[in-house]
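Visitor: sequence first, predicted coordinates after that:
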Amino acid sequence: MHHPDTARVVVTRVEDDGTSDYYERTVEALTEYDADQNPLFKGSLLWGTSEGIGTVGPGQNPEPETDPFFPPVGGVRFVFFTFLPKSEGSGDIDRYRVEDTESASDMPGLAESFSEDRPGMHITDSIDFVHVLSGEMILELDRREVLVKKGDTIIMRGAWHNWRNEGTEPCTVASVLVGTTRTESGEGSATTESSQSSEATSVS
């Protein structure tokens, strides 16, 4: 799948009398660049909602909210992302630094999620449902990394991570981000995660 420069989004409506209709949005893709102005990735912010659980029904037709890039608690964002291979410029997300805020002006809040000490690594207060539509890339985590390919789904639960496309083809994903609350307590059950860790495949 090639990341479109413009995406057609068909949005349903419920009119005041309860009947359904639709309208169309055209979303332009945005390109983020590294410090040397090489393209890193493309993003299309297809839809978003405000804080809290939304309402549906007659006359409930809010406008999309995609600013800031990350959703508030209970809000969602629906995005396409394409991570470009190193063959198309440097493609090195390590050079996407948190202090380089100018390059993130089209996606407010994105640069602030990146680590100052560990270039490329970033974290968000969200649960992200990521489905790989084409290509492959490496998901780098603190303890290990894993190669994800077309057809794979990643459930990202507020973890430090980095995406690295070390192949020759772009890697495009569709992702729904749900805004959550971060806790630093460390309490809770980790038994299911540890028991499943032996099933995971890792890339050295």
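Guide: Structure's in. What do you need?

Visitor: in this structure, which spans are helices?
Guide: Secondary structure of the chain by DSSP state H: the helices cover 191-196.

Visitor: please enumerate the strands of it.
Guide: For the chain, the strands defined by DSSP state E cover 6-14, 20-28, 30-33, 39-48, 76-83, 126-134, 136-140, 145-149, 153-157, 162-164, 171-179.

Visitor: nearest residue to the middle of this structure?
Guide: A centroid search over the chain (C-alpha atoms, centre = their mean) returns residue 175, at 5.3 Å, as the residue closest to the centre.

Visitor: so what's that one up against?
Guide: Applying C-beta atoms under 8 Å, 6 or more residues apart in numbering to residue 175 gives the contacts 78, 79, 80, 81, 128, 129, 130, 131. No exception for glycine: its C-beta is placed from N, CA and C like everyone else's.

Visitor: how about stretch 77-89: buried residues?
Guide: 77, 78, 79, 80, 81, 82, 83, 84, 85 (16 or more other C-beta atoms under 10 Å).

Visitor: and for stretch 148-164?
Guide: In stretch 148-164, counting by 16+ other C-beta under 10 Å, buried: 148, 154, 156, 161, 162, 163, 164.

Visitor: out of the residues you listed, who's nearest residue 13?
Guide: residue 156 (31.1 Å; C-beta to C-beta).

Visitor: residue 117: neighbour count?
Guide: Number of residues near residue 117 (other C-beta atoms under 10 Å) recorded here: 6.

Visitor: mind starting the numbering at 29 from now?
Guide: Taking 29 as the first residue, the last one we looked at is residue 145.

Visitor: for it, give me its contacts.
Guide: Contacts of residue 145 by C-beta under 8 Å, 6+ apart: none found.

Visitor: equivalent analysis for the one 5 residues further on, please.
Guide: Residues touching residue 150, when contacts are defined by C-beta under 8 Å, 6+ apart, comprise 141, 142, 143, 188, 189, 190.

Visitor: and which of those residues is nearest residue 207?
Guide: Residue 207 has its nearest neighbour among the contacts of residue 150 in residue 141, at 12.9 Å by C-beta to C-beta.

Visitor: how far away is the nearest residue in space to that closest one that is not next to it in sequence from residue 65?
Guide: Excluding the flanking residues, the one nearest residue 141 by C-beta to C-beta, 6 or more residues apart in numbering is residue 150, at 4.4 Å. For residue 150, the distance to residue 65 (C-beta to C-beta, to the nearest Å) stands at 20 Å.

Visitor: same check on residue 169?
Guide: In terms of C-beta to C-beta, residue 169 sits 29 Å off from residue 65.

Visitor: higher neighbour count, the two?
Guide: residue 169 (14 against 9).

Visitor: ok, and the closest non-adjacent residue to that one?
Guide: In space, residue 169 is closest to residue 189, 5.6 Å off (C-beta to C-beta, 6+ apart).
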